[in-house]
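Visitor: what's the 3D shape of this:
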Amino acid sequence: MLPTCDPFIRKFDTPLRGSSPSGALAGLRVGVKDGFDIAGHVTGAGCPEWADFHGPATKTSPVVQALLDVGAEIIGKTQMDELAYSLMGVNARYGTPLNPAAPDRVPGGSSSGSAASVAAGLVDIGLGSDTGGSVRLPASFCGVYGWRPTHGLMSGENLVPLAPSYDTPGFFTRDLTTMAAIASVFQKDQTPEGPVTFWLPSDLWSLVDDGVAGALRASRPAGECRLDPLLPGGDLTDWLHVFRIHQGYEIWQALGAWIEEHQPDFGPGIRERFDTASKISKQEFDSAVERRSAIRSHLETSIAPTTILVFPTSPGVAPLRTTPQEDLDVFRNAALTLLCVAGHAGLPQISVPLAIHDGAPIGLSLLGARGTDLRLIAAAQTFAPVSLAHT
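Guide: Below you'll find the model as predicted:
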């Protein structure tokens, strides 16, 4: 059994507040993933060696500052997977936060503490980051809402990078009203451009456990829905390969020099991933860039502003805490096949806590065209969320 830890790596003696107590998020408590800088505090990024090497931050992340400016209260920094290079929420150095919705299962990562603290009712808002699913998957596992915004909607400045062309801040909440309030801070109102068309791509649904698919299909939208595949005649596992090469090369460019110099004592899985990333050639990366461009073009052509893709966030419920590392890696790869779609084209996606399967929550995702974040959050009201006792 994995050792547990508090969802916070550091709680502040006094909550951090902005200059004005009023605003869209007035009085709401926030837990900030420990990859974001807060001036005067060390950013540890889930890695003791990183924390030891880097002194207190001199600047505050623009996203954190934006929350403070509209009245939110930062109560501490939350646990995360080592340098954000995982999806399960398992950190061999600090421990694994308890999943309040399914205590015998992992919480998901890398934004593990932010998801767990929201699910436990310790905060109203969890700030995380999402590269390959680090907000969406923990949201599904912990039975909360998780929003990956359009890439570029929010600044990634003063966030420890992983793969910058995929990295984006993201949020967890227990309700859509709070999520809509957060989104309104970063995006102006959108004028509807016509009725929404829901699209349930058959090839994405085929990647999911039958029991999970059955539980989620019961909540499909009323009326006519598209059911044709996202990639007719294609193989979505190729999209995963492109993601792993493109992301891995970027990761080594961002962090490789520091890793080689400081030789951190990474836990199982993390060590192997960085080693694999270090071996990706420029030629392989250039090929992945070209293929990603084609994927992005296909998605931008296929998904109109009024079209919303609906599919399971995860291939299954959260794995048990007793699951061997090699089996966690298998699950991670299956999940990434679903999760890489949004990342390739920088599309917004929100995971809605919609069903229970095997005693654990499972999320349904809504994904739209770039810039349709507010429309996605509004459309999520169409779906009745599962009732979970988080407190």
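Visitor: which regions of the stretch 51-200 of the chain sit below the pLDDT cut-off?
Guide: Scanning the stretch 51-200 of the chain for pLDDT under 70 picks out the ranges 190-192.
Visitor: and the helices in it?
Guide: 62-69, 112-119, 136-142, 176-186 (DSSP state H, counting those that start in this stretch).
Visitor: which one of those helices lies nearest to residue 330?
Guide: Taking Cβ to Cβ, helix 136-142 is the member of these nearest to residue 330, at 14.6 Å. Heads up, the C-betas are built off the backbone N, CA and C, glycines and all.
Visitor: what packs against the closest one?
Guide: helix 112-119, strand 145-148, strand 168-173, helix 325-345, strand 349-357, strand 360-367 (3 or more Cβ pairs under 8 Å, 6 or more residues apart in numbering; DSSP states H and E).
Visitor: just name the most buried of these.
Guide: helix 112-119 (a mean of 35; mean count of other Cβ atoms under 10 Å).
Visitor: and the closest residue to residue 70 other than its chain neighbours, what is it in contact with?
Guide: Leaving aside its sequence neighbours, residue 70 sits nearest to residue 23 (Cβ to Cβ, 6 or more residues apart in numbering; 3.2 Å). Contact analysis of residue 23 by Cβ atoms under 8 Å, 6 or more residues apart in numbering lists 69-72.
Visitor: kindly report the same for residue 142.
Guide: Contacts of residue 142 by Cβ under 8 Å, 6+ apart are 99-102, 107-108, 115-116, 118-119, 172, 318, 361.
Visitor: ok, the residue nearest to it when sequence neighbours are not counted - contacts?
Guide: Leaving aside its chain neighbours, residue 142 sits nearest to residue 119 (4.0 Å; criterion: Cβ to Cβ, 6+ apart). Residue 119 makes contacts with 99-101, 107, 142-144, 172, 174, 388, 390, as judged by Cβ under 8 Å, 6+ apart.
Visitor: can I get those in CSV including distance to residue 283?
Guide: Converted to CSV, the contacts of residue 119 look like this (distance: Cβ to Cβ, whole Å):
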residue, distance to residue 283
99, 41
100, 46
101, 44
107, 38
142, 40
143, 43
144, 41
172, 39
174, 46
388, 48
390, 48
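Visitor: which of the residues you listed tops the neighbour count?
Guide: The most neighbours of any of the contacts of residue 119, using other Cβ atoms under 10 Å, belong to residue 142, which has 37 neighbours.
Visitor: gap between the residue nearest to residue 142 and residue 94?
Guide: Distance of residue 119 to residue 94, computed by Cβ to Cβ, to the nearest Å: 18 Å.
Visitor: ok, back up a step: where does the residue nearest to residue 70 land in three-state SS?
Guide: coil (DSSP: H, G, I helix; E, B strand; the rest coil).
Visitor: equivalent analysis for residue 310, please.
Guide: Criterion first, three-state DSSP; result for residue 310: strand.
Visitor: excluding chain neighbours, what is closest to the most centrally placed residue in the chain?
Guide: Centroid-nearest residue in the chain: residue 135, 1.8 Å away (criterion: Cα atoms, centre = their mean). Among residues not flanking residue 135 along the chain, residue 170 sits closest, at 3.5 Å (Cβ to Cβ, 6+ apart).
Visitor: pretty sure that neighbour contacts residue 148?
Guide: Yes - using Cβ atoms under 8 Å, residue 170 makes contact with residue 148 at a distance of 4.8 Å.
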